[in-house]
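*Asks:* when you get a sec, could you give me coordinates for this:
(2 chains)
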Protein chains: 2
Amino acid sequence: MSKKFVLDPFGDKYAHRTSSMLSSEIRDLLAVTARRDIISLAGGLPYTQAMNPDMILGLVEEILRDDCAAALQYGPTDGYAPLKRSLVEIMREEGTPCLPEDIIVTNGAQQGLEIISKIFINPGDDIVTEAPSYVGALNSFLSYQPRIHAIPVDEEGILLDRLKETLEGLSGQGRKVKFIYTVPNFHNPAGVTMSTERRYGLLQLAEAFDCLVVEDNPYGLLRFEGEPCPTLRRLVESRVIYWGTLSKIFSAGMRIGWVAAPHPILEKLLLAKQSADLCTSSFTQRIAHLYFASQDWRGQVRQLVEIYRERRNVMLEAMEEFLSGIASWTRPQGGLFLWVTLPEFIKTSDMLASAIDAKVAYVPGRGFFPYEGGENSMRLNFSYPEPDMVWEGIKRLSKVVKREIALAKALGMEGKASGRSRTKE
Amino acid sequence: MSKKFVLDPFGDKYAHRTSSMLSSEIRDLLAVTARRDIISLAGGLPYTQAMNPDMILGLVEEILRDDCAAALQYGPTDGYAPLKRSLVEIMREEGTPCLPEDIIVTNGAQQGLEIISKIFINPGDDIVTEAPSYVGALNSFLSYQPRIHAIPVDEEGILLDRLKETLEGLSGQGRKVKFIYTVPNFHNPAGVTMSTERRYGLLQLAEAFDCLVVEDNPYGLLRFEGEPCPTLRRLVESRVIYWGTLSKIFSAGMRIGWVAAPHPILEKLLLAKQSADLCTSSFTQRIAHLYFASQDWRGQVRQLVEIYRERRNVMLEAMEEFLSGIASWTRPQGGLFLWVTLPEFIKTSDMLASAIDAKVAYVPGRGFFPYEGGENSMRLNFSYPEPDMVWEGIKRLSKVVKREIALAKALGMEGKASGRSRTKE
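*Replies:* Here you go, the predicted structure:
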């Protein structure tokens, strides 16, 4: 009955990683997040407390007064037309050209990743992701059984020489990559931003090897410092499938994302969206539209940037204070996440239970790699906890890490892989 | 790039029907629906004008006052727990046993059909539907490339002898049906209701041939007369995957459906839901929960039943008045739809353009069959247009039909298939 979730057409290499493994990890973590005594650095949650309830109520009042029957009704599969015009405005804020007719509204950007997987990936197809990469994207991709080629990133984004090597290798076997998936701005989970030079390089390789690029840009407007880089869509519109979301600048609970893509692709995505759920909520689309059409949303984004920058700063200071010389970490210029690397003999999946005992949570790095990697890494979120909780959370985490290191040294395991049992799957 | 949508592993039999054909038909129709001068009997739209805007505003006010940050935030993949308790209450109203932990909330019932397709259907797998069957279900199923065995229905639902014949035939070839998909109550599009005897018979066959049953029950509470039949889930819980939706009794615009299923299946569905869109809107789930927890929703359903019964009556009277002796039609005891059969030489797809010229719209029957059938049939909706519009719509439609018949007779085409070109694909 559940053949598709255990099917393994590629042999043992893939056997250790099923969709269910990843998901149960994340679900367990989300369950933990809800416990008030635990400081969660795990989720990717925006700080929704920053939104004014009375303002939202005003929007809803206007919609129900003027447009109630339509707000409660089915809507067009491609999205509520006035909202699309707002989304074009939002993209313009990053200098990305787009027309309303280039857009389909989806149920969050996650739905976009799902329908793009459904359209493009047949079992055994080759796709490229970054390593690490967003776990939700990997889950969607893997459920359609591609071969994922995960290319490492550094502080300037994806390593172009490694990407070129992979594309050449596949090309030599007569194989072609369907798409390259990237989060260029304030990467989830790595926290790094692809430099403008790398962006050009990536698109040149995509051109040379004739593959599409999937640009996932949930955090682009959440820049704390430095100059914005051009979006990939802005550089080469015809080769890029661009995903945006309102989850990080307005509300995740409204479930509104969107895709902007070349029209032949958009038509396929529309069919997949129709099968997937007919349409996105007419009600929440109207609220979102009215918010962006009538409120100072740019001011609200600036406020979020202030809030998140402070928390990022606190997290970086706390890392310096408590984990200097023990761990290394990225220094994100925006977004929600820091990526932390511990000594190789520390397995962050194994350590999670101890961390939760110490009342702090994180996401182990392993889930952000399609098959292997990230065992000694973790993703930390700084957008949701209040600044003093960020500080306290890193303090607690550092104690767990130091104890784990001391234990490994006492057992003579420094310098080799941990012999302890893996997290149950 | 779009291989999956043109892939045809089963030869010519499947070639004439791609997902895109169906969808473009429906999309064109929805576009027509929006024109005010056209009476649309095409959509499956509930009459959302019956809902009180002030009442909804009161619910939203309470949520934003007490729970704003959570309403704007991501929520659990399986759904908002208090809402699940409301859904259990709704199922109890039809006598269907269920616990909150048996339920996953989805983005409308359509998402349920998609994720069940994803989980169960590998290319070439055998599944059973009714003929005709809900077009949205067929679209989801077909996108995963099964072999669909479509079993005719009569006024008492699916024909058990035909079903048995099909199951035996497949069994003889060593093949097994993954699931039987059915809309037992007030069928979309056929308008018929499966008798209690047939329900038992269907479940016995499912037991004998060890296949699952997918019970899609969007209209069960919209009964105009007669005694309710037991849901299939009520009769055999362990073999039935039950889908419900709030679209027809509360709001389609909130996009809330749910599945109740045996737990091993529920776990797979949860993973698929997580990939599909992480979670359903925290905001609309809270509104729905508060509506069912605090308002007289049973009274509201009774009001909808009154409204729809009147419109059904008007449609039946108009059919009698204008199309007696020319067409035959079903007499639904509830729900939203009538199924109309015209003389065999009339092709309703071809006739649609003339109907729209005459300012009335319907859904051609062909789309409700996976590969062939329904060419001389149509689905008519009576829930959305006001009663006088229902009457006028049937009047207009009858003129189109009579003109089409006269034309066919003049061309000597009575008794054979129409030679006119098919709707462009």
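
*Asks:* ok, the closest residue to residue A:332 other than its chain neighbours - how many residues close by?
*Replies:* Excluding its sequence neighbours, the residue lying closest to residue A:332 (Cβ to Cβ, 6 or more residues apart in numbering or on different chains) is residue A:191, at 3.6 Å. C-beta here means a position set from N, CA and C on the backbone, and glycine is covered the same way. Residues near residue A:191, counting by other Cβ atoms under 10 Å in any protein chain shown, number 26.

*Asks:* helices of the stretch 151-300 of chain A, start to end?
*Replies:* In the stretch 151-300 of chain A, the segments counted as helices under DSSP state H, counting those that start in this stretch are A:160-172, A:196-208, A:232-235, A:263-277, A:282-294, A:297-323.

*Asks:* for the residue nearest to residue A:332, give its distance to residue A:163.
*Replies:* 20 Å (Cβ to Cβ, to the nearest Å).

*Asks:* what of residue A:285?
*Replies:* As for residue A:285, its distance to residue A:163 is 37 Å (criterion: Cβ to Cβ).

*Asks:* which one of these two has more residues nearby?
*Replies:* Counted by other Cβ under 10 Å, residue A:285 and residue A:163 do not tie: residue A:285 has more neighbours, with 27 against 23.

*Asks:* got the confidence number for the closest residue to residue A:210 other than its chain neighbours?
*Replies:* In this structure, residue A:210 finds its nearest non-sequential neighbour in residue A:176, 6.9 Å apart by Cβ to Cβ, 6+ apart. Among the per-residue scores, residue A:176 shows a pLDDT of 95.

*Asks:* what residues are up against residue A:176?
*Replies:* A:126, A:170, A:209, A:210, A:211 (Cβ atoms under 8 Å, 6 or more residues apart in numbering or on different chains).

*Asks:* phi, psi of it?
*Replies:* phi -130, psi 140 (degrees, to the nearest 10).

*Asks:* next: residue A:225.
*Replies:* phi -160, psi 170.

*Asks:* give me the nearest residue to it, chain neighbours excluded.
*Replies:* Counting by Cβ to Cβ, 6+ apart, residue A:225 lies nearest to residue A:333, which is 5.6 Å off, once chain neighbours are set aside.

*Asks:* the one you found: neighbour count?
*Replies:* Residue A:333: 19 surrounding residues under other Cβ under 10 Å.

*Asks:* separation between it and residue A:192?
*Replies:* Distance from residue A:333 to residue A:192, by Cβ to Cβ: 9 Å.

*Asks:* kindly report the same for residue A:267.
*Replies:* Taking Cβ to Cβ, one finds residue A:267 at 34 Å from residue A:192.

*Asks:* swap in residue A:306?
*Replies:* Residue A:306 is 22 Å from residue A:192, by Cβ to Cβ.

*Asks:* of those two, who's got more company?
*Replies:* Between residue A:306 and residue A:192, residue A:192 has the larger neighbour count (other Cβ under 10 Å), namely 25 against 12.

*Asks:* residue A:149 pairs with what?
*Replies:* When assigned by DSSP bridges, residue A:149 has beta-bridge partners residue A:128.

*Asks:* burial of it, as a residue count?
*Replies:* Close neighbours of residue A:149, defined as other Cβ under 10 Å, add up to 20.

*Asks:* got it, and the one 3 residues further on?
*Replies:* Applying other Cβ under 10 Å, we find 13 residues neighbouring residue A:152.

*Asks:* isn't it up against residue A:131?
*Replies:* Yes - between residue A:152 and residue A:131 there is a contact at 5.1 Å, judged by Cβ atoms under 8 Å.

*Asks:* list the contacts for residue A:314?
*Replies:* A:382, A:387, A:388, A:390, A:391.

*Asks:* the nearest residue to residue A:279 once chain neighbours are set aside: which element?
*Replies:* Leaving aside its chain neighbours, residue A:279 sits nearest to residue A:75 (4.7 Å; criterion: Cβ to Cβ, 6+ apart). Assessed by DSSP states H and E, residue A:75 sits outside every helix and strand.

*Asks:* for residue A:75, what are its contacts?
*Replies:* Residue A:75 makes contact with A:279, A:280, A:282, A:285, B:253 under the criterion Cβ under 8 Å, 6+ apart.

*Asks:* possible to save the residues you listed as JSON lines with pLDDT?
*Replies:* Below are the contacts of residue A:75 laid out as JSON lines (pLDDT from 0 to 100):
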{"residue": "A:279", "pLDDT": "95"}
{"residue": "A:280", "pLDDT": "96"}
{"residue": "A:282", "pLDDT": "97"}
{"residue": "A:285", "pLDDT": "98"}
{"residue": "B:253", "pLDDT": "96"}
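
*Asks:* most neighbours among these, please name it.
*Replies:* Using other Cβ under 10 Å as the neighbour test, these are led by residue A:280, with 35 neighbours.

*Asks:* might one say that residue A:289 is in contact with residue A:86?
*Replies:* Yes - using Cβ under 8 Å, residue A:289 is in contact with residue A:86, at 5.3 Å.

*Asks:* re earlier: return every residue with contacts to both of residue A:333 and residue A:192.
*Replies:* With contacts taken as Cβ under 8 Å, 6+ apart, residue A:333 and residue A:192 have residue A:186 as neighbours in common.

*Asks:* how near is residue A:304 to chain B?
*Replies:* Distance of residue A:304 to chain B, given as Cβ to the nearest Cβ, to the nearest Å: 13 Å.

*Asks:* neighbours of that residue, how many?
*Replies:* Applying other Cβ under 10 Å, we find 20 residues neighbouring residue A:304.

*Asks:* not counting its neighbours along the chain, what's nearest it?
*Replies:* Leaving out its chain neighbours, the residue that sits closest to residue A:304 by Cβ to Cβ, 6+ apart is residue A:50, at 6.0 Å.

*Asks:* go on, residue A:70?
*Replies:* In space, and not counting its chain neighbours, residue A:70 is closest to residue A:282: 6.4 Å by Cβ to Cβ, 6+ apart.

*Asks:* so who does that neighbour touch?
*Replies:* A:70, A:71, A:72, A:73, A:74, A:75, A:80, B:252, B:253.

*Asks:* take those and keep only those in strands.
*Replies:* Judged by DSSP state E, the contacts of residue A:282 include no members of strands.

*Asks:* burial of residue A:175, as a residue count?
*Replies:* By the criterion of other Cβ under 10 Å, residue A:175 has 13 neighbours.

*Asks:* how is chain A divided into domains?
*Replies:* For chain A, automatic domain parsing gives the domain ranges A:13-42+A:299-410, A:73-295.

*Asks:* quick one: mean pLDDT for the shortest one?
*Replies:* Along domain A:13-42+A:299-410, the predicted confidence averages to a pLDDT of 88.

*Asks:* and if you look at stretch A:120-130?
*Replies:* Mean pLDDT, stretch A:120-130: 97.

*Asks:* straight-line length of it, end to end?
*Replies:* Terminal residues of stretch A:120-130 lie 18 Å apart, using Cα to Cα, to the nearest Å.

*Asks:* how far off centre is that stretch?
*Replies:* 18 Å (Cα atoms, centre = their mean, to the nearest Å).

*Asks:* cool, stretch A:356-368 as well?
*Replies:* How far stretch A:356-368 lies from its chain's middle: 17 Å, per Cα atoms, centre = their mean.

*Asks:* could you do stretch A:178-197 as well?
*Replies:* 10 Å.

*Asks:* point out where the stretch 51-200 of chain A drops to low pLDDT.
*Replies:* For the stretch 51-200 of chain A, no stretch has pLDDT under 70.

*Asks:* enumerate the residues of it near chain B.
*Replies:* Residues of the stretch 51-200 of chain A lying close to chain B by Cβ under 8 Å from any Cβ of the partner chain are A:51, A:53-54, A:56-57, A:60-61, A:64-65, A:68-77, A:106-108, A:110-111, A:113-114, A:118-120, A:122, A:136, A:139-140, A:143, A:178.

*Asks:* tell me the buried residues within the residues you listed.
*Replies:* For these, a burial check counting by 16 or more other Cβ atoms under 10 Å in any protein chain shown picks out A:51, A:53, A:56-57, A:60, A:64, A:68-77, A:106-108, A:110-111, A:113-114, A:118-120, A:136, A:139-140, A:143, A:178.
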